[in-house]
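> I'll drop the sequence and a predicted model, then ask my questions.
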Amino acid sequence: MFQNFCEFAPDYTSLLRRLKDPLEMRAAERIVQFPFVVPVHEEKTEEELNRIAEKRKEQGRKLQEMAAKTRMEKLVQKEGDLRDLLELRESRGDFSKREWTIKLQEEGFDDESGLEDTIKKLENDLKKARKKDAEGVDDTMDEPTFPLVDVPDADLDEEQLKEKRKQRLMKAGFEARARAKREKERERAEKEAEERREEEEREADLGAWARKMRGEQETLMSKIKERARRKAALGDRKSAAAQARMKSIANLANDDRIQKKKRKGGGEDMFGADDDDWAIYRKINTAAPSSDEEDDLTQLALVESKLLAHDPTFSHKETHASITTQRSALISAFKPIYDEGDIEGNSRIHLNVERWRVCEAWFSPSMAGVDSAGLGEVIQNILSRFPYEDKKRLVSVRSLSLSPSLRTYLAHPPQNIFLTGGPSQLPGLIPRLEAALRPNLPTEMEIGINRAKDPMLDAWKGMARFSLTPHFKVAAMTRAEYDEHGGERVKKWWGGNWNGLID
């Protein structure tokens, strides 16, 4: 991929600016498709499929029954808790102010506002639960009878007592569903009245109604966006949201006023066994989904559906779902996303900016995390040590005395900056090197850059030819000399580095 797709950019910064256009990014992209194997799905017979479907149906039915039983038990428990709290609130007049405060603390409340908040929360939870249970109620269902509910326990045997407890639970569930049904009918009537008022308002002034609905949409979207911003702020431990969360945790840890719950099993931690325990978790975990967020999303979907149905200027592109799921065209061009089941697409590599970024690391090593001077800077540091005439001789064309055989080997007329090696074959290296040298050289000074005919084998072929000359014996190091001086020492010869070499 490096040899086939990468190249040097004469001006890397200008290239990045040009690639900000998604169309340019797409045009510069190269896709590498790796081999992939399409999974083979074993086809089942119709009998096996029916058997699996029936098994899943039976499992689903059992799970629904278990969930309904658990939900009903919790509903009865919450109704009992609400009844007790309402009785506690009604008994307020039987206590003095000091006695009432002590009574609240004994029940686990800091003050009267905590009691009111708990009652309000239980009422909302029961309202939602009843509404959910009422969705599946059959209107034609006859009212069941519960003959043992009102019979005293002393008149019943053990089996009848079990049946009485069962009937009591069933009666509570039936009454809860009946209340939910009445509540649903009341809400339906209120909803129909609201729809009639809204329809009259829309028919009277469509523009004003549309502006009102768009205002509600903007308000809800702002609330959702602000909630998402707070969640993101929790990731920064120095943010105000994160510090407030840590302060809440510290306050809860040091709060001795809350009555400690009795734990089962000799001190075993039973946190989470009671639904009220999760109020603490919700208080410190502000990123957890809340009912307010769900209500806002539901209300937003309703407002947008009305706008789509009645406002001709409102389109799907303006909906919250479209705005939040819309990805930047530039990001889509930079890194396309394939579906999870698209094996062919997920077996691809998309090369765009990387095609030039890899090569640019030779001139800007810091891009690759290397603290070193780039190729252009190294050449400039060398040239800065020479006076003007010597510098001109080093970089200009046709100023180097070469042997006839070497002139024949070169692809172009003699030029003093000579490129060889595999990376020198990459397109754009010569213009990039000229762009790096030109700002630091006089305008009249010509730059001569030449590339070898065979950059991959040029160094090897040169040394192979050199080994056939008499100079090789002078420059070569014997095994004995290597054992004596080591690999760091080489002989002094005309083609080597003369600094610190042995004669």
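Yep, it's here.
> what about the residue lying closest to Asp111 once chain neighbours are set aside, neighbour count?
Closest residue to Asp111 apart from its sequence neighbours, by Cβ to Cβ, 6 or more residues apart in numbering: Leu104 at 6.5 Å. C-beta here means a position set from N, CA and C on the backbone, and glycine is covered the same way. A count of neighbours around Leu104, defined by other Cβ atoms under 10 Å, yields 18.
> How about the contacts made by Leu104?
Taking Cβ atoms under 8 Å, 6 or more residues apart in numbering, we find Leu104 in contact with 110-112, 114-115.
> same check, this time on Phe5
Phe5 makes contacts with 30, 32, 351, 355, as judged by Cβ under 8 Å, 6+ apart.
> ok, those residues vs Asp94, which is closest?
Using Cβ to Cβ, Leu351 is the member of the contacts of Phe5 that lies nearest Asp94, at 79.9 Å.
> My guess is that closest one contacts Asn4. True?
No: Leu351 lies out of contact with Asn4 (Cβ atoms under 8 Å); the separation is 9.8 Å.
> So, low pLDDT: which residues of the protein?
In the predicted model, the chain carries pLDDT under 70 at residues 130-143, 234-242, 245, 248-249, 251-291, 325-330, 397-415, 490, 493-503.
> one more time with 50, if that's ok
Within the chain, the segments meeting pLDDT under 50 span 139-140, 256-269, 272, 287, 398-403, 405-414, 499-503.
> List the ones among the contacts of Phe5 that fall in strands.
Mapping the contacts of Phe5 onto strands (DSSP state E) picks out 30, 32, 351.
> Looking at these, state which has the most neighbours.
Of these, Leu351 is surrounded by the most neighbours, 19 neighbours in total, counting by other Cβ under 10 Å.
> If we ignore the residues flanking it in sequence, what's nearest it?
Of all residues not flanking Leu351 in the chain, Arg30 sits nearest, at 4.6 Å (Cβ to Cβ, 6+ apart).
> Just to check, that neighbour is in contact with Arg355?
Yes: counting by Cβ under 8 Å, Arg355 is a contact partner of Arg30 at 6.6 Å.
> tell me the secondary structure for Ile349?
Classification of Ile349 using DSSP: H, G, I helix; E, B strand; the rest coil returns strand.
> count of residues packed around it?
Counted with other Cβ under 10 Å, residues neighbouring Ile349 total 12.
> Which element, helix or strand, includes the residue minimising distance to the centre of the chain?
What sits nearest the mean C-alpha location of the chain, by Cα atoms, centre = their mean, is Ala232, with 11.0 Å. According to DSSP states H and E, Ala232 maps onto helix 206-233.
> That helix packs against which elements?
With contacts taken as 3 or more Cβ pairs under 8 Å, 6 or more residues apart in numbering; DSSP states H and E, helix 206-233 sits against helix 158-204, helix 240-254, helix 291-310, helix 320-325.
> between the ones you listed, which gets nearest to Arg51?
Taking Cβ to Cβ, helix 158-204 is the member of the helices and strands packed on helix 206-233 nearest to Arg51, at 34.1 Å.
> tell me the angle the closest one makes with helix 291-310.
Going by axes from the mean of the first three to the mean of the last three Cα atoms, to 10 degrees, helix 158-204 is angled at 40 degrees with respect to helix 291-310.
> any idea how far Leu419 is from Gly374?
Going from Gly374 to Leu419 by Cβ to Cβ, to the nearest Å gives 15 Å.
> Repeat that for Met72.
To Leu419, Met72 is 82 Å away according to Cβ to Cβ.
> Assumed the residue nearest to Asp111 was part of a helix.
Yes: under three-state DSSP, Leu104 falls within a helix.
> start the count at 50, not 1, going forward
From this message on, residue numbering opens at 50, which makes the last subject Leu153.
> Could I get the full set of strands for the protein?
79-82, 397-400, 466-468, 498-500.
> would you turn those strands into CSV with distance to Ser445?
Listed next are the strands of the chain as CSV, based on distance: least, Cβ to Cβ, whole Å:
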stretch, distance to Ser445
strand 79-82, 37
strand 397-400, 37
strand 466-468, 10
strand 498-500, 11
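> and among those strands, the most buried is which?
Mean neighbours per residue, mean count of other Cβ atoms under 10 Å, is largest over the strands of the chain for strand 498-500, with a mean of 19.
> Name every strand pairing with that strand and say which way it goes.
strand 466-468 (parallel) (DSSP bridges).
> Measure how far the partner strand is from the centre of its chain, please.
Its chain's average C-alpha position is 47 Å from that of strand 466-468, according to Cα atoms, centre = their mean, to the nearest Å.
> quick one on the thing from earlier: export the helices and strands packed on helix 255-282 as CSV, with columns for distance to Ala117 and mean neighbour count.
Below are those laid out as CSV (distance: least, Cβ to Cβ, whole Å; neighbours: other Cβ atoms under 10 Å):
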stretch, distance to Ala117, mean neighbour count
helix 207-253, 9, 13
helix 289-303, 35, 13
helix 340-359, 22, 15
helix 369-374, 32, 12
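> out of the ones you listed, which comes closest to Val89?
Of all these, it is helix 369-374 that lies closest to Val89, at 33.0 Å by Cβ to Cβ.
> That closest one - contacts with which helices or strands?
Using 3+ Cβ pairs under 8 Å, 6+ apart as the test, helix 369-374 ends up in contact with helix 255-282, helix 340-359.
> what's the angle between the last one and helix 255-282?
In this case it means helix 340-359. Using the same axes, to 10 degrees: helix 340-359 against helix 255-282 is 150 degrees.
> Residues touching helix 340-359, excluding its own?
Contacts for helix 340-359 (Cβ under 8 Å, 6+ apart): 251, 255, 258-259, 262-263, 265-266, 269-270, 272-273, 276, 363-365, 368-369.
> Please repeat the previous calculation with a cut-off of 7 Å.
For helix 340-359, contacts defined as Cβ atoms under 7 Å, 6 or more residues apart in numbering pick out 251, 259, 262-263, 265-266, 269-270, 272-273, 276, 363, 368-369.
> Now it - C-alpha only, PDB.
What follows is helix 340-359, C-alpha atoms only, in PDB (Å, rounded to 0.1, in the frame of the first residue of the first chain):
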ATOM      1  CA  SER A 340     -38.400   9.700  33.100                       C
ATOM      2  CA  ASP A 341     -38.200  13.400  32.200                       C
ATOM      3  CA  GLU A 342     -36.000  12.600  29.300                       C
ATOM      4  CA  GLU A 343     -38.300   9.900  28.100                       C
ATOM      5  CA  ASP A 344     -41.300  12.200  28.400                       C
ATOM      6  CA  ASP A 345     -39.500  14.900  26.500                       C
ATOM      7  CA  LEU A 346     -38.700  12.600  23.700                       C
ATOM      8  CA  THR A 347     -42.200  11.300  23.500                       C
ATOM      9  CA  GLN A 348     -43.600  14.900  23.500                       C
ATOM     10  CA  LEU A 349     -41.100  15.900  20.900                       C
ATOM     11  CA  ALA A 350     -42.100  13.100  18.600                       C
ATOM     12  CA  LEU A 351     -45.800  14.100  19.000                       C
ATOM     13  CA  VAL A 352     -45.100  17.700  18.200                       C
ATOM     14  CA  GLU A 353     -43.000  16.800  15.100                       C
ATOM     15  CA  SER A 354     -45.700  14.400  13.900                       C
ATOM     16  CA  LYS A 355     -48.200  17.300  14.100                       C
ATOM     17  CA  LEU A 356     -45.900  19.600  12.200                       C
ATOM     18  CA  LEU A 357     -45.300  17.000   9.500                       C
ATOM     19  CA  ALA A 358     -49.000  16.400   9.100                       C
ATOM     20  CA  HIS A 359     -50.200  20.000   9.000                       C
END
